[in-house]
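Participant: take this sequence and fold it.
(chains A, B and C)
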Amino acid sequence: MTSPIAGGVDCDLHPAVPHLTSLLPYMNDYWRDQVTTRGMVDLISQSYPTNSPISARPDWRPAQGKPGSSLADMQKQALDPFRVSFGICNPLYGVQMVFSEDMQDAFCRALNDWLVKEWLDKDARLRGSIVIPTQSVEKSVAEIERCAKDKRFVQVLMLVMGDMPLGKRAYWPIYAAAERLGLPIGIHAGSAYHNPPTSVGWGSYHVEDYVAQAQAFQTQMTSLIVEGVFARHPNLKMVMLESGFTWLPSYLWRLHKFWRGVRMETPWVDRAPLEIVRSNIRFSLQPVDAPPDPTTLNRLFDHMQSDELLLFSTDYPHWQFDGEEVLPAGISPDLVRKIMIDNPHATYTRLKQSVQA
Amino acid sequence: MTRHVIAPVDELPPGTRKFLTIDERPIAIFNIKGEFFGLLNRCPHQGAALCEGPLIGLAQSSDPGEIEYTKLGEIIRCPWHGWEFDIRTGQSYCDPKRFRARAYPVNVEPGSSVVKGPYVAETIKVAVESDYVVVDL
Amino acid sequence: MNVQFRAEPAASVSVKTAIADCDIHPARATPSELFPFLAKRWHQHLETYGKHPYQGMMEGPPYPKAQPNASRRDAYPPEGGPQGSSLSFMQKQLLDPYNVALGVLNPLATGQGLRNQDLAGAICAAINDWQIEKWTSKDSRLKGSIVVANEDGLSAAAEIRKRAGDRNFVQVLLLSRNVEPLGQRRYWPIYEAAQEIGLPIGVHAFGFGGNPITASGWPSFYIEEMVGHSQCQQTALASLVLEGVFERYPKLKMVMIEAGFGWAPSLGWRLDKNFDRLRSEVPHLKRRPSEYIRDHIWWTTQPMEDPERRDHLFELIEWIGWDKLLFATDYPHWDFDEPSRVLPAGVSDANKQAFYLDNAKKLYGIS
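Facilitator: Presented below is the predicted three-dimensional model:
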């Protein structure tokens, strides 16, 4: 087993909102009454059914309440055992499924305020991602600007399966705001279910939806790269969260091959896709989706041609690994340090800035 | 290098090209707006007849959505995978360091100094005032 | 000194060793070329209403291609007609110079992906008759694929059974993008019939079923569609595996065509990992996904993965198996893979033989 080292950054933690009503204190009177008078229920995405095995490792599943809803549990089960200096919270509460931009905005504001009060204020290691109301680009930019004043927000969070491919120019004001404020965009597994959750339609099973996240990350990367997001915003970083990464080398070979022949369609892509990934895109470690033989994984690291791509994560409380086997077997101490400390700090430059009390 | 006479200039008006083989090497000669260029007719990628491709301009962009389109008619797209090569230099526009089509220097020679060769025999009836297109190979 | 002018496209280098080409696209020279095989009622119907596919364009594809007809510009037959529409020119440009001993025809732009199922069935049956008349009966190296109305399982199954034992055909053809993922039970009658008559199913990239071609909506560019065939094929295969198609039809074999193969190992690892976690959701599966893939799936090679370092390519193929790849050119499409150029040096003779010919002969039952 490869041992983690102290002082790392866990780049993918999932604090859970106990219920929609937990957000009521953070809503205005109108929305508070809308939620209660219309009998709105909890926003739980099919991407993570509460009782699905993936949603919580058995020893991380509480006797009562949602997995990930207790700070004490997160400290005891993730932050302390892996001795991290920072943990980045990526709330997966189902606000992205909402269709109304006004409602989504109210819920996102409430969620971000809840995260500050219930989590960031209570453990100095914790940092947050700003959840934005993607139904409105304008409101998303406003929410980014509002939350970014608190330096403990270190990222903007979007879903990998949303309404439009993420490279589409309509989204670019979000990226401009994030780049300006030094915030990476975190793109996390999960669907808003506004489109079929695969590129070939609606499958039957939760396992199918979950496996399909990897393919969704692939098409999103294509979109981001060929639309020229990083040509326009060279300092913007994007982090693929809970995406898997063992598919990356063969994916890039294909994209590179077609780019050479159809270059004239997207002439602003003036660097090879692999170079763009190396300079602007990162991947959280879990899930590894490893081959059965550890030597194969080391070969894959060679195929990726960069040791700067992976950022340490536990994906707590999701079940991606057992015990403390969060790091792949047989990787060098140098790579461990890069994954746990150097790469996250190079990506999240806000981490080292002073914290507001 | 040997000089090969190809054709009278007027047989290759602007916008046209001619295919030929010299010493078993397939070559095409282009007239681009009055200037002459030659290329080996074999794409360095997978060996396609590169010179059969269409001529377009060079699309460049410093900002997504904005396209600067220059060198009209000077970029050839391989008829297979569509790789773009600059007719003037053979320079490709993807992986520029790795791939370059072989370009042959082409000169225009005045009719009176035509070198003997099989083509000369074929064009002996042509008016000698014409300028000849000649290839160095 | 030898200066020779030529009027015709240059012939390619001859290949001495025989090869299989498992993805050739024959075309009709004119739309009406199909009419002798199609009932009269459909001639007027097509001229009045068109094909009515699961995408908006009456003519052409929603994402314009990189070359006209998505084909090589040097593949226009001298007698006229679009690329791939002339047998004699196909023989001259592909079959003869490359020593193609087995050419598998995968007709596109047929009755697949259409919203009118009666029309779809009629066109597909006509295309199958046309393949025999124009191609396979005239050149014994060529074998056809049974195209079927993919959204109408019963009609498709009937067409498959009709062709049982017909040596003109070596597989049934489906496309990767349909109304639902391919593992869904509406398609099971097709699998049942294919297994019954003992033919594999080729799943070719493309198709439209009304779904956006990513799980996050419609992308902007043709390159996204082209690269995206990899993702569509992965999700289609995941569906086939997770729905238990190979458990239900244990003799069925499938070929993933024109979507690359580089994605295969990582998809297998991801499927296995999540199956191990979530197997209670899919109790109909008795084996791990990678085992089903190992036993039931082959891949055509085009477009060939092209990493900078050939040792990376060889490792990738080791993880899949040299016995699982079927060489294909995709003639006459523009992203054609030239047989003598696609495989870097350093492959053993045995693996080359398997890659270029023997795997295909074995799978398709050609001696």
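Participant: switch to C-alpha atoms for all contacts and neighbour counts from now on
Facilitator: Will do.
Participant: which neighbouring elements make contact with the helix or strand harbouring residue C:236?
Facilitator: Per DSSP states H and E, residue C:236 falls inside helix C:222-242. For helix C:222-242, the elements it packs on are helix A:206-226, helix A:248-261, helix C:264-278, helix C:289-296, judged by 3 or more CA pairs under 8 Å, 6 or more residues apart in numbering or on different chains; DSSP states H and E.
Participant: got the angle for the first one vs helix C:264-278?
Facilitator: I take that to be helix A:206-226. Going by axes from the mean of the first three to the mean of the last three CA atoms, to 10 degrees, helix A:206-226 is angled at 140 degrees with respect to helix C:264-278.
Participant: sorry, back to before: buried deepest among the helices and strands packed on helix C:222-242, which one?
Facilitator: The highest average neighbour count among those, using mean count of other CA atoms under 10 Å in any protein chain shown, belongs to helix A:206-226 at a mean of 25.
Participant: show me the helices in the stretch 251-357 of chain A, by range?
Facilitator: A:273-280, A:294-304, A:333-337, A:343-347 (DSSP state H, counting those that start in this stretch).
Participant: follow-up on the earlier one: can you put the helices and strands packed on helix C:222-242 in TSV and add mean pLDDT?
Facilitator: Below are the helices and strands packed on helix C:222-242 laid out as TSV (pLDDT from 0 to 100):
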stretch	mean pLDDT
helix A:206-226	98
helix A:248-261	93
helix C:264-278	98
helix C:289-296	98
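Participant: before we move on, the earlier item: can you give me how far the helix holding residue C:236 is from the chain middle?
Facilitator: Here the centre of helix C:222-242 is set off from its chain's centre by 13 Å, with CA atoms, centre = their mean, to the nearest Å.
Participant: kindly report the same for stretch A:201-218.
Facilitator: With CA atoms, centre = their mean as the basis, the mean position of stretch A:201-218 lies at 17 Å from the chain mean.
Participant: ok, now how distant is the spatially most central residue of chain C from chain A?
Facilitator: For chain C, the residue nearest the mean C-alpha position is residue C:204 (3.4 Å; CA atoms, centre = their mean). Separation of residue C:204 from chain A (CA to the nearest CA, to the nearest Å) stands at 13 Å.
Participant: looking at the stretch 1-150 of chain C, which residue is nearest chain A?
Facilitator: Nearest residue of the stretch 1-150 of chain C to chain A: residue C:66, at 6.5 Å (CA to the nearest CA).
Participant: just give me the neighbour total for that residue.
Facilitator: Here the number of neighbours of residue C:66 (other CA atoms under 10 Å in any protein chain shown) works out to 21.
Participant: stretch B:17-33: end-to-end distance?
Facilitator: Start-to-end span of stretch B:17-33 (CA to CA, to the nearest Å) is 12 Å.
Participant: circling back: helix or strand right after the helix holding residue C:236?
Facilitator: helix C:245-248.
Participant: pLDDT of that following helix, averaged?
Facilitator: Taken as a whole, helix C:245-248 carries a mean pLDDT of 98.
Participant: buried ones in it?
Facilitator: By 16 or more other CA atoms under 10 Å in any protein chain shown, the buried positions in helix C:245-248 come out as C:245-247.
Participant: between the helices and strands packed on helix C:222-242, which one is closest to residue C:362.
Facilitator: The closest of the helices and strands packed on helix C:222-242 to residue C:362 is helix C:289-296. By CA to CA, the value is 13.5 Å.
Participant: returning to that earlier point: excluding chain neighbours, what is closest to the residue of the stretch 1-150 of chain C closest to chain A?
Facilitator: With CA to CA, 6 or more residues apart in numbering or on different chains as the criterion, residue C:66 has its nearest non-adjacent residue at 6.5 Å, and that residue is residue A:262.
Participant: do the same with residue A:54
Facilitator: Using CA to CA, 6+ apart, the nearest residue to residue A:54 is residue A:319, at 4.9 Å.
Participant: and the pLDDT at the one you found?
Facilitator: 98.
Participant: next, count neighbours for it.
Facilitator: For residue A:319, using other CA under 10 Å, the count is 21.
Participant: hang on, residue B:18 in a helix?
Facilitator: No. Under DSSP: H, G, I helix; E, B strand; the rest coil, residue B:18 sits outside any helix and is assigned strand.
Participant: ok, what's across the strand from it?
Facilitator: Taking DSSP bridges as the rule, residue B:18 bridges to residue B:29.
Participant: and the helices and strands packed on helix C:222-242: which comes nearest chain B?
Facilitator: Per CA to the nearest CA, nearest to chain B of these: helix A:248-261, 4.8 Å.
Participant: picking that back up, give me phi/psi at the residue nearest to the centre of chain C?
Facilitator: phi -100, psi 140 (degrees, to the nearest 10).
Participant: so it touches residue C:254, yeah?
Facilitator: No. When contacts are counted by CA atoms under 8 Å, residue C:204 is not listed as touching residue C:254 (10.3 Å).
Participant: ok but residue C:22 is inside a strand, no?
Facilitator: Yes. Counting by three-state DSSP, residue C:22 is part of a strand.
Participant: mind checking how far it is from residue C:302?
Facilitator: 9 Å.
Participant: these two: which is more packed in?
Facilitator: residue C:22 (32 against 25).
Participant: which residues does the nearest residue to residue C:121 once chain neighbours are set aside contact?
Facilitator: With CA to CA, 6+ apart as the criterion, residue C:121 has its nearest non-adjacent residue at 5.0 Å, and that residue is residue C:149. When contacts are counted by CA atoms under 8 Å, 6 or more residues apart in numbering or on different chains, residue C:149 touches C:111-113, C:117, C:120-121, C:124, C:155-156.
Participant: quick one: stretch A:176-196 near chain C?
Facilitator: Yes. Under the criterion of CA under 8 Å from any CA of the partner chain, stretch A:176-196 makes contact with chain C via A:194-196.
Participant: ranking these by neighbours, who comes first?
Facilitator: Counting by other CA under 10 Å, top hit in the residues of stretch A:176-196 next to chain C: residue A:196 with 23 neighbours.
Participant: what about the residue nearest to that residue when sequence neighbours are not counted, distance to chain B?
Facilitator: Nearest in space to residue A:196, with sequence neighbours left out and distances taken as CA to CA, 6+ apart, is residue A:202 at 5.2 Å. Going from residue A:202 to chain B by CA to the nearest CA gives 33 Å.
Participant: doesn't residue C:180 make contact with residue A:202?
Facilitator: Yes. Residue A:202 is in contact with residue C:180 according to CA under 8 Å; the separation is 6.3 Å.
Participant: more neighbours: which of those two?
Facilitator: Neighbours around residue A:202 and residue C:180, counted as other CA under 10 Å, are more numerous at residue C:180. The numbers are 25 against 20.
Participant: ramachandran angles for the closest residue to the more buried one other than its chain neighbours?
Facilitator: Residue nearest to residue C:180 in three dimensions, not counting chain neighbours: residue A:201, with 5.0 Å by CA to CA, 6+ apart. Main-chain dihedrals, residue A:201, degrees, to the nearest 10: phi 110, psi -170.
Participant: residue C:211 is in contact with residue A:201, correct?
Facilitator: Yes. Taking contacts as CA under 8 Å, residue A:201 lies within contact range of residue C:211: 5.7 Å.
Participant: where does the chain dip in pLDDT?
Facilitator: Picked chain A for this. By pLDDT under 70, the low-scoring segments of chain A are A:354-357.
Participant: hm, I was asking about chain C
Facilitator: Scanning chain C with the threshold set as pLDDT under 70 gives C:1-15.
Participant: with that, I have no additional questions.
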